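In: Show me the folded form of this:
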Amino acid sequence: MTESPVVELLEAEYRRVWDRFYDEFKFQPSTSSLKWPAIKEPVASVSWSLAALDDDPEYERLDRLVEVVEQGLKSCIDPSGTLLALDWQHTSYRFAPQGVGGPGQPAWPLSPYPDGDYYIYLSEDFRIGSFGHPWEGSLCLFGQEFLDAASAEVEKLLGQPIRRSGREAGTT
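Out: This next block holds a predicted model:
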C-alpha cells in the first residue's frame, strides 16, 4: 500500500478485480426485478431491504447503519490489511480501514448504502463484504465473521432480513 490510506485502482487492476467479482459472484447487473438480487449471495450472507430508511428525515438510522457496517468490516480486517471499495462503472479504490474515518483522516470511500449504483466493499480475498443494490434497495452482508460483528445491529436498524444465504427469509 502507498502512503495514502486510499488509492484509486488503476485500469488493469480495476478490470482484474471486477472480472473476478463478476466470476465469483455471478454478477448480473440489471434494473429488472426478475434478475435480482444481481449476485449469487454466498452461503454465509444476510440481505435486508433498505425501505426502513425511507422515513429517516435526519438520516440518523442511515448514519448508524454506515457506522455499524464500517466498524464491522474494520473489526474483520488485520490492522495492516486493506479493503476494496467498488463502484460499478466508476472509480474504485483500495483502502486501509484503520487509516480512514477518524479525526484528521480521509473519509471511507463510498458507502454501504447504494446511492444510485452498486456499492461493494470486499476483503482482498473476497471472503467478507457488503453488496448494496440500488434498484432492489437492499444491502447484503456476507462472511460469517462480518455477520457475527454486524448483523444483529443491522437487523435492529432495518428489520427482518429479506434473504439468508441467498434464499428468501423464512424458507429452508
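In: for Ile120, helix, strand, or coil?
Out: Here Ile120 is strand, with the state taken from DSSP: H, G, I helix; E, B strand; the rest coil.
In: give me every residue that touches it.
Out: Residues in contact with Ile120 (Cβ atoms under 8 Å, 6 or more residues apart in numbering) are 21, 84-88, 129-132. The way it works is simple: take the backbone N, C-alpha and C, and place the C-beta from them, glycine included.
In: where exactly do the helices run in this protein?
Out: 11-25, 60-76, 144-158 (DSSP state H).
In: helices or strands next to the first one in the packing?
Out: I take that to be helix 11-25. strand 83-87 (3 or more Cβ pairs under 8 Å, 6 or more residues apart in numbering; DSSP states H and E).
In: One more pass at 10 Å, please.
Out: strand 83-87, strand 93-95, strand 119-123, strand 129-133 (3 or more Cβ pairs under 10 Å, 6 or more residues apart in numbering; DSSP states H and E).
In: how about these in JSON lines, adding distance to Gln144?
Out: As requested, the helices and strands packed on helix 11-25 are exported to JSON lines (distance: least, Cβ to Cβ, whole Å):
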{"stretch": "strand 83-87", "distance to Gln144": "17"}
{"stretch": "strand 93-95", "distance to Gln144": "23"}
{"stretch": "strand 119-123", "distance to Gln144": "12"}
{"stretch": "strand 129-133", "distance to Gln144": "12"}
